[in-house]
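> just need the structure, nothing else, for what follows:
(chains A and B)
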Amino acid sequence: MPLSKTNLSVGDQHSEQVVDNLTRTQIIQYAGASGDYNPLHTDEIFTTQVAGYPTVFAHGMLSMGLTGKMLTNYVGDGRLTKYGVRFVAQVWPGDSLTATATIEDIREEDGVSLVDLSVSTVNQDGAEVVKGSATARIDD
Amino acid sequence: MATDHFPVEAGHIMLFARSIGDNNPVYHSADAAADTEPGHVIPPPTFVQASAQFTDGYVLRPVVGEPWFGSGKEPTGIKRESSGGSGGTGFHAEQHYEYHAPIQPGDVLKAVDKPGNSWTREGRRGGSLSFNESITEYYNQDGVLVVTARSVGVQTSRVVE
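The predicted structure is shown next:
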């Protein structure tokens, strides 16, 4: 259900676990669907022996996509007008991520009611991996 | 990632939604989507990133008959500046989208790249960092701007710890 202006307040939060124990297979699914076949995300041998990382890690865009699931569940289908993030830290296989949206402003622009959200996704240790913001249309 | 022809297909949207662990029916069921506010299947908000599949010469997709920098017989099939020597690596630092109009299966998008800014700063974890911004506008078959994407890439001078 889309959000309604009448029952929203600045400071309201919505939080969801968006992945539990991220698998290498899910990272491979993302590579296949998105078309980003960078071996850093899928090729253990390249990543450890050539690039020098402890193991493969998720595409930033997978973290953004997982975080976006929380947002669209909260604001409703087709309601986002803006969504942007910074990739703060790497996401590794085995990580569990929780994404949170916080209402920063409820406003009107050209007769359309909007909500501005800050967005933060943390891993199982509470370390932030994605930080961003979003804006969505809401009902009056 | 510029492309003249990014066909938005229902199966591709379904696979993309699966890959981000999102089983919302609006991404895979035309029947269920008919009862939603959009009224049709829509892609998840980060779907236009998959335009990479339709971008000629996209460097992160293997090309038939050409060496690939991932492993095969050897740990890498090619020596690339960004993955050897100092251990520096290219990363995606930021991604921003503005949504202007709906997208649905059957649309054919055209993505046009616009120049962005470049800057450098010292990082804490990866040595000096070179940032490059690119802006991509996605238009549908009717010439309507549907999404504006702004991407920031960063090149580190050593492995990020």
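
> is the longest helix along chain B up against chain A anywhere?
For chain B, the helix with the greatest residue count under DSSP state H is helix B:10-19. Yes - residues of helix B:10-19 contacting chain A under CB under 8 Å from any CB of the partner chain: B:H12, B:L15, B:F16, B:R18, B:S19. The C-beta positions use only the backbone N, C-alpha and C, and glycine is treated the same way.

> any idea which of the residues you listed is closest to B:G65?
Nearest to B:G65 out of the residues of helix B:10-19 next to chain A is B:H12 (CB to CB; 25.4 Å).

> what segments of chain B are strands?
B:3-7, B:90-99, B:108-122, B:128-139, B:145-156 (DSSP state E).

> do you know which of the ones you listed lies nearest A:S4?
Checking the strands of chain B against A:S4 by CB to CB gives strand B:90-99 as the closest, at 20.2 Å.

> do that closest one and chain A meet?
Yes - counting by CB under 8 Å from any CB, chain A has neighbours in strand B:90-99: B:F91, B:H92, B:A93, B:E94, B:Q95, B:H96, B:Y97, B:E98, B:Y99.

> separation between the residue sitting nearest the centre point of chain B and B:G72?
By CA atoms, centre = their mean, chain B has its centre lying nearest to B:Q49, at 2.8 Å. For B:Q49, the distance to B:G72 equals 27 Å [CB to CB, to the nearest Å].

> hmm, the longest helix seen in chain A in reach of chain B?
With secondary structure taken from DSSP H, chain A has its longest helix at helix A:60-75. Yes - with CB under 8 Å from any CB as the criterion, chain B is reached by helix A:60-75 at A:G60, A:M61, A:L62, A:M64, A:G65, A:L66, A:G68, A:K69, A:L71, A:T72, A:N73.

> now pLDDT and neighbour count too, for these, in JSON lines please.
JSON lines is the format used below for the residues of helix A:60-75 next to chain B (pLDDT from 0 to 100; neighbours: other CB atoms under 10 Å in any protein chain shown):
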{"residue": "A:G60", "pLDDT": "96", "neighbour count": "24"}
{"residue": "A:M61", "pLDDT": "98", "neighbour count": "23"}
{"residue": "A:L62", "pLDDT": "98", "neighbour count": "28"}
{"residue": "A:M64", "pLDDT": "98", "neighbour count": "28"}
{"residue": "A:G65", "pLDDT": "98", "neighbour count": "26"}
{"residue": "A:L66", "pLDDT": "98", "neighbour count": "28"}
{"residue": "A:G68", "pLDDT": "98", "neighbour count": "27"}
{"residue": "A:K69", "pLDDT": "98", "neighbour count": "22"}
{"residue": "A:L71", "pLDDT": "98", "neighbour count": "24"}
{"residue": "A:T72", "pLDDT": "98", "neighbour count": "22"}
{"residue": "A:N73", "pLDDT": "98", "neighbour count": "16"}
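
> picking that back up, hmm, the residue nearest to the centre of chain B is touching A:G60, no?
No - B:Q49 lies out of contact with A:G60 (CB atoms under 8 Å); the separation is 10.0 Å.

> now do the shared contacts for the two.
B:Q95 (CB atoms under 8 Å, 6 or more residues apart in numbering or on different chains).

> picking that back up, ok, of the residues of strand B:90-99 next to chain A, which come out buried?
B:F91, B:H92, B:A93, B:E94, B:Q95, B:H96, B:Y97, B:E98, B:Y99 (16 or more other CB atoms under 10 Å in any protein chain shown).

> quick check, nearest of the residues you listed to A:V115?
Once CB to CB is applied, the member of those that ends up nearest A:V115 is B:Y99, at 14.4 Å.

> now the helices for chain A?
A:24-34, A:44-45, A:60-75.

> make a markdown table out of those and add distance to B:A30.
Listed next are those as a markdown table, based on distance: least, CB to CB, whole Å:
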| stretch | distance to B:A30 |
| --- | --- |
| helix A:24-34 | 19 |
| helix A:44-45 | 39 |
| helix A:60-75 | 18 |
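
> now do the nearest residue to B:P44 once chain neighbours are set aside, the pLDDT please.
Sequence neighbours aside, B:A17 is the residue nearest to B:P44 in space, at 5.5 Å (criterion: CB to CB, 6 or more residues apart in numbering or on different chains). With respect to pLDDT, B:A17 scores 98.

> and what of B:P25?
pLDDT at B:P25 comes out at 98.

> sorry, back to before: hmm, the residue nearest to B:P44 is touching B:S29, no?
No - B:A17 lies out of contact with B:S29 (CB under 8 Å); the separation is 10.7 Å.

> low-confidence stretches in chain A?
A:1 (pLDDT under 70).

> kind regards, and thank you for your time.
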